[in-house]
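J.: Got a predicted model here, sequence first, then my questions.
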Amino acid sequence: MPFEPTGAVWGALLGASKMHKNTEVGAYAAQRVFELDPSYQGTHTLLANIYASAGRWENAAKVRRIMKDSGLKKEPACSWVEIENSVRVFVANDVAHPQKDKIHKMWEKLNPKIKVIGCVPDTSHVLLFVDQQEKELKFQYHTEKLALQFAFLNTPSGSTIRITKNIRVYDLGFDYDCKIIRYFDSN
């Protein structure tokens with residue numbers, strides 16, 4: 001590189017390491033981010049998830065313990081979608097939304113269809129000793145899924161839906177049969 005890598009560069013490598021399940025590179029990138037910005041909790045969370053995905057539970061627990069001892073807390077995930085110049089925000093397992101029942105019914109309709117095309121939750125980093133079905137339930141009402149179902153219910157067929165999450169952006173097109181036409185995930 002023609003310049004010294006910043007925390008953002010090392011953070012991008014850390015994120016890519018998680019995606020590609022490269023524990024050693026991820027741990028190295030995390031160490032560099034810790035040196036540049038030791039208080040950023042996202043690094044700890046990613047590193048713990050990388051270790052958990054690799055089955056290195058003791059390392060994952062150690063990172064979580066460091067977070068706890070340092071008073072760092074995982075930033076709550078949230079997603080937002082803009083529909084007709086109005087921004088709607090969703091948090092995980094949101095039970096207060098006025099359309100929650102319709103949103104959940106839409107998810108029950110869509111979930112089997114997206115599993116068929118290969119969109120299945122990655123539960124390898126879930127720090128719970130429960131069976132696979134229970135882990136998948138934890139992912140069922142993640143913020144981006146709630147935002148997506150809300151958008152399906154409140155936009156015309158053929159619309160482009162942009163869901164922004166505090167860690168990534170989703171750009172989706174769909175038809176009334178809930179077939180996902182286009183999916184773009186940019187970090």
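T.: Here it is on my side, so go on.

J.: In this protein, where's the longest helix?
T.: Of all the segments assigned as helix in the chain under DSSP state H, the longest by residue count is helix 100-116.

J.: what's that one packed up against?
T.: If contacts are counted by 3 or more Cβ pairs under 8 Å, 6 or more residues apart in numbering; DSSP states H and E, helix 100-116 sits against helix 143-154. Quick note: C-beta positions are derived from backbone N, CA and C, even for glycine.

J.: now the helix it packs on: mean pLDDT?
T.: Helix 143-154 shows a mean pLDDT of 85.

J.: I would like the residues contacting it, please.
T.: If you take Cβ atoms under 8 Å, 6 or more residues apart in numbering as the criterion, helix 143-154 is touched by 77-81, 83, 88, 90-92, 94, 97, 99, 102-104, 106-107, 110, 139, 159, 161, 163, 165, 170, 172, 174, 178.

J.: of those, buried ones?
T.: A residue is treated as buried here by neighbour count (16 or more other Cβ atoms under 10 Å); on that basis the buried members of those are 78-81, 88, 90-92, 94, 97, 103-104, 106-107, 110, 161, 163, 165, 170, 172, 174, 178.

J.: Show only the entries of those residues found in helices.
T.: Those of the buried ones among the contacts of helix 143-154 lying in helices (DSSP H): Ile103, His104, Met106, Trp107, Leu110.

J.: Format the residues you listed as a markdown table; extra columns: distance to Thr43 and pLDDT.
T.: Conversion of those to a markdown table gives the following (distance: Cβ to Cβ, whole Å; pLDDT from 0 to 100):
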| residue | distance to Thr43 | pLDDT |
| --- | --- | --- |
| Ile103 | 32 | 84 |
| His104 | 34 | 82 |
| Met106 | 35 | 83 |
| Trp107 | 31 | 80 |
| Leu110 | 33 | 78 |
